[in-house]
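Trainee: Sequence below, structure please.
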Amino acid sequence: MACTSCLSGSCSTDTSAVGCGGCKSGSCNKMNSYDWLSNMELPADQKFDVVEVRFKNGFKAFFRNTQKFDLLTGDAVVVEATSGYHIGKIALQGELVRLQMLKKKVNENDQLPVVLRIPTEKDLAKWKEAQAREMPTMFRTRQIIQELGLEMKLNDVEFQADNTKATFYYSAESRVDFRELIKILAAEFKIRVEMRQISLREEAGRLGGIGVCGRELCCSTWLTEFKSVNTSAARYQNLSLNPAKLSGQCGRLKCCLNYELETYIEALKDFPSIEKPLQTQQGIVELKKTDIFRKIMWFGYENDSNWYALSLEKVREFIEMNEKGIFPETLAQLTDEGNNAQEQRKQALEQSKMLTQVLEQKLKAKEKQEKDEKNKSRHQKKRKSKKKPRT
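Mentor: Numbers count the residues shown, from 1 in each chain. Okay, the predicted model is just below:
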């Protein structure tokens, strides 16, 4: 989300402009690339002659610096366009451009457009004049589209720096016949018109916004290539298949669903495959949930809300038992908690047996002592009765 004054997609060198030099949100540096080879110095004759130039909304292209201009990152340059010229800013230069071309599968020996010159004050003034026409042109074009009843959404307008051509970016669900629209625009604005259809993801990247994560949209800050996202990505990650939560601001599945997908797929290789429901003597058991990173699988009975956590080793044992026709009594016996509880019950039972034996021994000893004391008292009474004199 570049500030309103940064119509070129990045902050201007003119720090007096509103929002330039003063907005520290970082949004003006849209689609910036960090030049980690900037400290690498090479002789002038060995310096790579291709530079990467950035235009409005972070669009970048490669141009050949045939005239060996001494350029720095952020400098404005006049580059060759399809018809006429355009002005952009240097995004990358040097050996990092060679790597970028390799990444984007662009052959460095291909015929590339060239950097024409360093812009003069007249060129920059004409460029600013063209930029000032973009917003009024977009609003007027939307009115014309509404009058013609065309089912399309105009997202952005970009004027070429020579003020002779404008590119209209739009999105539509079906094919649109805009021949009449082009005639009206060419006659009203006295320019050459190019209509370019973009996807909903590209539209979100151009408009910008804040995602549910609290950060700026990936497509408007650094993401340049859009890969297809399937609902299987959500299934692999055990996410709820709720379209409202899985969809981004573009109305399509979120691109970030693909970020950790390979990690989940790699982790799932350790899990045993359950092709059919498992069974115990108590009933049929179904897989309820999988905790991928803790490597725990949760099982439960059909009409029971209680879930039981089993480790992967226990699940493999369970499957092997079922294949052999052996069915455990209950699911709780297979859980680690169930095994621990069973062992605790055994220990408690053994302790209670020992206690009862000790109590029985004490009770017998006490009874014997009491019996001995009674016998002793009887003998003493008999002795006393024998010692008494006769009268």
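
Trainee: Contact partners for the residue nearest the centre of the chain?
Mentor: With distances taken as Cα atoms, centre = their mean, Cys256 lies nearest the centre of the chain, 2.8 Å away. The neighbours of Cys256, taking Cβ atoms under 8 Å, 6 or more residues apart in numbering as the test, are 213, 218. Every C-beta, even on glycine, is put in place using the N, C-alpha and C of the backbone.

Trainee: Would you mind measuring from it to Ile182?
Mentor: 38 Å (Cβ to Cβ, to the nearest Å).

Trainee: Tell me the secondary structure of the residue nearest to the centre of the chain, please.
Mentor: Following DSSP: H, G, I helix; E, B strand; the rest coil, Cys256 is assigned to helix.

Trainee: okay, it: pLDDT?
Mentor: With respect to pLDDT, Cys256 has a value of 93.

Trainee: so how far is Asn230 from it?
Mentor: Computed with Cβ to Cβ, the distance linking Cys256 and Asn230 is 14 Å.

Trainee: Rounded mean pLDDT for stretch 369-378, please.
Mentor: Per-region confidence: stretch 369-378 scores 81 on mean pLDDT.

Trainee: Going forward, count from 52.
Mentor: Right, with 52 as the first residue, what we last looked at is stretch 420-429.

Trainee: in that stretch, what's buried?
Mentor: Counting neighbours by 16 or more other Cβ atoms under 10 Å, one finds that stretch 420-429 has no buried residues.

Trainee: Could you do stretch 362-378 as well?
Mentor: 365-366, 369-370, 372-373.

Trainee: Among those, which lie within strands?
Mentor: Among these, no residue falls in strands (DSSP state E).

Trainee: will you turn these into TSV that also has distance to Leu88 and pLDDT?
Mentor: Putting these into TSV (distance: Cβ to Cβ, whole Å; pLDDT from 0 to 100) gives the following:
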residue	distance to Leu88	pLDDT
Lys365	53	88
Val366	50	89
Phe369	56	89
Ile370	54	87
Met372	60	88
Asn373	59	88
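
Trainee: Which of the residues you listed sits closest to Glu267?
Mentor: For the buried residues of stretch 362-378, the minimum distance to Glu267 (Cβ to Cβ) is 42.5 Å, reached by Val366.

Trainee: Can you pull the residues that touch both of Cys307 and Asn281?
Mentor: Counting by Cβ under 8 Å, 6+ apart, nothing touches both Cys307 and Asn281.

Trainee: Going by distance to Leu163, which of the buried residues of stretch 362-378 wins?
Mentor: Val366 (57.7 Å).

Trainee: which residues does that closest one contact?
Mentor: Residues near Val366 by Cβ under 8 Å, 6+ apart: 323, 325, 348.

Trainee: what about it, distance to Gln333?
Mentor: 17 Å.

Trainee: residue ranges of the strands in the protein, please?
Mentor: 101-105, 111-115, 127-131, 136-143, 166-168, 204-210, 216-222, 243-248, 329-330, 335-342, 347-352, 359-362.

Trainee: do you know which of these lies nearest Thr275?
Mentor: strand 111-115 (7.9 Å).

Trainee: Just the angle for the closest one relative to strand 101-105, thanks.
Mentor: Angle, strand 111-115 to strand 101-105, by axes from the mean of the first three to the mean of the last three Cα atoms, to 10 degrees: 150 degrees.

Trainee: How about residues contacting strand 111-115?
Mentor: Contacts for strand 111-115 (Cβ under 8 Å, 6+ apart): 82, 100-106, 128, 130-131, 139, 142, 148, 151-152, 157, 163-166, 275.

Trainee: Filter the residues you listed down to the buried ones.
Mentor: 82, 100-106, 128, 130, 139, 142, 148, 151-152, 163-164, 166.

Trainee: Check the burial of Asp174 by counting its neighbours.
Mentor: Asp174: 18 surrounding residues under other Cβ atoms under 10 Å.

Trainee: Would you mind splitting the chain into its domains for me?
Mentor: 95-170, 329-385 (automatic domain parsing).

Trainee: which of the ones you listed sits most buried?
Mentor: domain 95-170 (a mean of 16; mean count of other Cβ atoms under 10 Å).

Trainee: Low-confidence ranges, the stretch 102-251 of the chain, go.
Mentor: Nowhere does the stretch 102-251 of the chain drop to pLDDT under 70.

Trainee: all helices for it, in order.
Mentor: Remark: helices assigned in the stretch 102-251 of the chain by DSSP state H, counting those that start in this stretch are 146-154, 172-183, 185-199, 230-240, 251-258.

Trainee: can you put those in JSON lines and add distance to Leu88?
Mentor: Below are the helices of the stretch 102-251 of the chain laid out as JSON lines (distance: least, Cβ to Cβ, whole Å):
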{"stretch": "helix 146-154", "distance to Leu88": "5"}
{"stretch": "helix 172-183", "distance to Leu88": "29"}
{"stretch": "helix 185-199", "distance to Leu88": "35"}
{"stretch": "helix 230-240", "distance to Leu88": "43"}
{"stretch": "helix 251-258", "distance to Leu88": "27"}
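
Trainee: Return the most buried member of those.
Mentor: helix 251-258 (a mean of 20).

Trainee: got the angle between that helix and strand 204-210?
Mentor: 50 degrees.

Trainee: List the contacts of helix 251-258.
Mentor: 108-109, 204, 206-207, 220, 222, 249, 268, 270-271, 274, 277, 299-303, 306.

Trainee: Quick one: buried ones out of those?
Mentor: 108-109, 206-207, 220, 222, 249, 268, 270-271, 299-301, 303, 306.
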